[in-house]
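Colleague: show me the folded form of this:
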Amino acid sequence: MVIVDKSGVHRLEVRCCECPNAMSPDIQMFRHRFFPASFNRPKTVMFPHLVPDRYRELMRVARQWRQLKTMKWHGFSHRSDNLSTGELALFCPACPQPGINVLLDPSWKYTRSFVMDGNFKAEHLHPIKPFNEVWLSDGLGFMVGKDRYKMHLAEAADTVEKSSCNNHRAVNQANAARHKLESTGIGGVACARHSCFVPHSMVDFQKGERQATSTIPHSQVNHGSLADK
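Modeller: Residues are numbered from 1 along each chain as shown. Next up, the predicted model:
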């Protein structure tokens, strides 16, 4: 059996108890403070209290690798300083996009329709150690950049709305104080025909659905381009 210890990787002969009333091999390993890599036929074990925990480093490397792959897929593998908002996300390929899948002239022939909706169950707590939060693609994908969004919320007027419905979740959350939650939901804009999300158009809700959390004016929802929004 391969035994992983802080002193190295060792190959030792291990015999489990095979009595009629003996426990399964994986339970025997646990009883001896071994952690088996497989529960059916364990061939590798380790000392979890002696081996250093590298889970945090593994998660960090996984995020960095995913970020590099995303930049490569969108053609920015060697130009990391030239990214702008929403360039690490793709819009609906079936909708008309001037300069991408349709000609620029005459542009009046092409109209795109959008819908806005939110999910009020996607709650997120405040981070325990906010100084450890590292933003790798802030505002480069589907989510709006945090600094730009905070500036918008600071300038947008917000009014307390009273619901005439018996139990309207969105409005009730807007009137409730949730100090432990960083966000109470998520909302975004998508094309009305194919339900594909628009890059740089999704935001977090702090107190349910509010007019201040709208990412674009209502006059531009049913027509026009969102390339610069």
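Colleague: longest single helix anywhere in this protein?
Modeller: Looking across the chain with DSSP state H, the single longest helix is helix 55-73.
Colleague: and it, which residues are buried?
Modeller: Judged by neighbour count using 16 or more other C-beta atoms under 10 Å, the buried positions of helix 55-73 are 70, 71. All C-beta spots, glycine's among them, are computed from the backbone N, C-alpha and C.
Colleague: now do it: everything it contacts.
Modeller: Helix 55-73 is touched from outside by 77, 80, 83, 88, 136, 137, 141, with contacts defined as C-beta atoms under 8 Å, 6 or more residues apart in numbering.
Colleague: by pLDDT, give me the weakest of those.
Modeller: Among those, residue 80 carries the weakest pLDDT, at 60.
Colleague: residues near the closest residue to residue 145 other than its chain neighbours, how many?
Modeller: For residue 145, ignoring the flanking residues on the chain, the nearest one in space by C-beta to C-beta, 6 or more residues apart in numbering is residue 139 at 2.7 Å. Around residue 139 sit 21 other residues, with neighbours defined as other C-beta atoms under 10 Å.
Colleague: ditto for residue 38
Modeller: When neighbours are counted by other C-beta under 10 Å, residue 38 registers 11.
Colleague: grab the nearest non-local neighbour of it.
Modeller: With C-beta to C-beta, 6+ apart, the residue lying closest to residue 38 is residue 44, at 7.4 Å.
Colleague: quick one: pLDDT of the one you found?
Modeller: pLDDT for residue 44: 81.
Colleague: dig out what it forms beta bridges with.
Modeller: Per DSSP bridges, the residues bridged to residue 44 are residue 2.
Colleague: mind checking how far it is from residue 90?
Modeller: Using C-beta to C-beta, to the nearest Å, residue 44 is found at 41 Å from residue 90.
Colleague: sorry, back to before: buried among the contacts of helix 55-73? Make that a PyMOL selection.
Modeller: This is how PyMOL selects the buried members of those, with burial counted by 16+ other C-beta under 10 Å:
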select buried, resi 88+137+141
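Colleague: please, where are all the strands along this protein?
Modeller: Taking DSSP state E as the criterion, the chain carries its strands at 2-5, 8-11, 35-36, 44-46, 114-119, 124-125, 181-183, 185-191, 203-205.
Colleague: turn those into TSV, columns for mean neighbour count and distance to residue 148.
Modeller: Listed next are the strands of the chain as TSV, based on neighbours: other C-beta atoms under 10 Å; distance: least, C-beta to C-beta, whole Å:
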stretch	mean neighbour count	distance to residue 148
strand 2-5	15	47
strand 8-11	9	50
strand 35-36	18	46
strand 44-46	18	46
strand 114-119	15	18
strand 124-125	11	19
strand 181-183	16	16
strand 185-191	20	15
strand 203-205	22	10
